[in-house]
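**Student:** starting from these lines, generate the structure:
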Amino acid sequence: MSNDENASPENKMDYSRLIYYLKQGREIEFFYDEKEYFIPNYEEGRVILNEEGENLNHYIEDPEEFAEMQR
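**Tutor:** Numbers count the residues shown, from 1 in each chain. Okay, here's the model as predicted:
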C-alpha cells in the first residue's frame, strides 16, 4: 500500500504513514476503544482532541516528536 492511501478500520495506519501524513499537514481522525479522536494541524502544533474537543496532550510542533510521544 502506498503512503497516499487513506487508512481504514480494516487497514490500520502504521508509524511511517502517520509521520508522512503529519509532515504533509494533514488532519487525522481515528477511533480507539470505540471512541473518536482528532489530530488537527494548528499553528501552535499538533494535539490530540477527544470527542468533546478537549486537548489530551500539550501542543507539539515537530511531527516526528509528536508521533514518538504517542507510541
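
**Student:** surely residue 22 is within a helix?
**Tutor:** Yes: checked against DSSP: H, G, I helix; E, B strand; the rest coil, residue 22 lies within a helix.

**Student:** state the distance from it to residue 52.
**Tutor:** Using CB to CB, to the nearest Å, one gets 23 Å for the distance from residue 22 to residue 52. In this view, the C-beta of every residue, glycine as well, is placed from N, C-alpha and C.

**Student:** residue 40 reaches residue 26, doesn't it?
**Tutor:** No: the criterion here is CB atoms under 8 Å, and residue 40 misses it with residue 26 at 10.1 Å.

**Student:** that older thread, residue 22 and residue 52: who's more crowded?
**Tutor:** Ranked by neighbour count (other CB atoms under 10 Å), residue 22 and residue 52 place residue 22 first, with 20 against 5.

**Student:** please identify the buried residues of the strand or helix carrying residue 16?
**Tutor:** Using DSSP states H and E, residue 16 sits in helix 15-24. Across helix 15-24, burial judged by 16 or more other CB atoms under 10 Å covers 17, 18, 19, 20, 21, 22.

**Student:** any stretches of the protein with poor pLDDT?
**Tutor:** Scanning the chain for pLDDT under 70 picks out 1-11.
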